[in-house]
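Chemist: attaching a predicted model along with its sequence, questions to come.
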Amino acid sequence: MSKEITMPTTPNFLSSEFTLVRTIGQTISPFTGQQKTQEFDANFWQANVSLPPLNKTQAVNWQSFLARLKGPTNVFQFTDPDAKTGQGTYDSNDLKANKRINGTSLTLSFSGNTITDSAGTFNNANVGDYIVVTGANNEANNGTHKITTVTSSTVIVVDTNLTTESNTASCKIQQNIKGAQGLSLLGDTNSATGTLAVGDYLGVLSGTLTSNQPVQLVLVTEVSVETSGTPNKYSVGIEPKLRQDLADNQLVKFNNAKGLFRLIENDVNWSANSTSVYQISFSCVEAI
């Protein structure tokens, strides 16, 4: 079983290469050249980092950390070294997952950019909210959509070109589920205010406690805030997509957001010169 090892906090890395790895299948028709793509679940972060020259006192802490990881056996909390501080003005440490839309066994109709559901599923919807549709007959109608207009509790307009389809039963419209490319969040207190910014990282924790381990690191790609109630409501586009369902009130860290990582290689190494100046680099990958 993996143990979490605490990474030294100083010094910061001299250089870093942070990569979002995607697994995409693609087929190309030899007759028409038409391309079809399929994104699979293996989407994760990977990093190559180098520390500045270290003296012996500094180096031993990093040597101990790397040795205790036992290659990829154990894990540690880590983030993009150049983005430890968010650019948004949100003034609390965390946000809470909040499913404002959670309809199952729905009968849906799709036309143009409009989704209609007679059950009143959109009663609590906000412009900017991200929803995930499943169960539609036409695959173009499934997946993540961003709400651009809330016409009524039964009709919304989304940012996607939909395929016409009428009265399809056994559909679902949900938020914060596996595969979603957006999060529905609340401020963690009624007084929490401020913005999230494109390019900020968020750390999804495993539960409702600040002491819970991170389970996924995501990048904010779009954001909107609804301030008409308390707490504020945040709708956030993310990459990569969610790897697991979120429960209501599950915490999402804003301040010092991190993911859980492990070393890529079994071996660790370092070099030193005649004056005991050390050079240390390593590569790691998000733990899934």
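Modeler: That came through fine.
Chemist: didn't Leu246 look like it was pressed against Gly179?
Modeler: No - with contact defined as C-beta atoms under 8 Å, Leu246 does not count as touching Gly179 (11.9 Å). All C-beta atoms are positioned from the backbone trio N, CA, C, and that covers glycine.
Chemist: and those two? Which one has more around it.
Modeler: Leu246 (25 against 16; other C-beta atoms under 10 Å).
Chemist: who's in contact with that one?
Modeler: Residues in contact with Leu246, defined by C-beta atoms under 8 Å, 6 or more residues apart in numbering, are 97, 176-177, 183, 204, 252.
Chemist: try Thr168
Modeler: 107-110, 135-137.
Chemist: give me the mean pLDDT for the strand or helix carrying it.
Modeler: Element membership for Thr168 (DSSP states H and E) is strand 165-174. Taken as a whole, strand 165-174 has an average pLDDT of 98.
Chemist: CA atoms of the lowest-mean-pLDDT helix or strand in the chain as PDB?
Modeler: Among the helical and strand segments of the chain, the one scoring lowest on mean pLDDT, DSSP states H and E is strand 35-39, with a mean of 90. The C-alpha trace of strand 35-39 is given here as PDB (Å, rounded to 0.1, in the frame of the first residue of the first chain):
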ATOM      1  CA  GLN A  35     -11.300  11.800 -39.200                       C
ATOM      2  CA  LYS A  36     -13.000  10.500 -36.100                       C
ATOM      3  CA  THR A  37     -11.400  10.900 -32.600                       C
ATOM      4  CA  GLN A  38     -12.200   9.300 -29.300                       C
ATOM      5  CA  GLU A  39     -10.800  10.600 -26.000                       C
END
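Chemist: and it, what does it pack onto?
Modeler: strand 24-28 (3 or more C-beta pairs under 8 Å, 6 or more residues apart in numbering; DSSP states H and E).
Chemist: can you list contacts of the strand it packs on?
Modeler: With C-beta under 8 Å, 6+ apart, strand 24-28 has contacts from 34-40.
Chemist: so Leu106 is in contact with Cys171, correct?
Modeler: Yes - at 4.7 Å, Leu106 and Cys171 qualify as touching, with contact defined as C-beta under 8 Å.
Chemist: so between these two, which is more surrounded?
Modeler: Cys171 (24 against 18).
Chemist: report the contact partners of the closest residue to that one other than its chain neighbours.
Modeler: Using C-beta to C-beta, 6 or more residues apart in numbering and skipping the chain neighbours, the partner closest in space to Cys171 is Gly135 (3.7 Å). Listed by C-beta under 8 Å, 6+ apart, the contact set of Gly135 reads 106, 108, 142, 168, 170-172.
Chemist: try Val127
Modeler: Taking C-beta under 8 Å, 6+ apart, one finds 147-150, 224, 226 in contact with Val127.
Chemist: need phi/psi at the residue positioned nearest the centre of the chain.
Modeler: Computing the C-alpha centroid of the chain and ranking residues by C-alpha atoms, centre = their mean puts Val218 first, at 2.6 Å. The phi and psi torsions at Val218 (degrees, to the nearest 10) take the values phi -130, psi 150.
Chemist: list the beta-bridge partners for the nearest residue to it once chain neighbours are set aside.
Modeler: Spatial nearest neighbour of Val218, excluding adjacent residues (C-beta to C-beta, 6+ apart): Ile238 at 4.2 Å. Beta-bridge partners recorded for Ile238 (DSSP bridges): Val220.
Chemist: give me the element Thr210 is part of.
Modeler: Secondary structure (DSSP H and E) places Thr210 outside all helices and strands.
Chemist: confirm for me that it is in contact with Asn93.
Modeler: Yes - shown here, Thr210 and Asn93 form a contact pair, counting by C-beta under 8 Å, at 7.3 Å.
Chemist: if anything else comes up later, I'll come back, but that's it for now.
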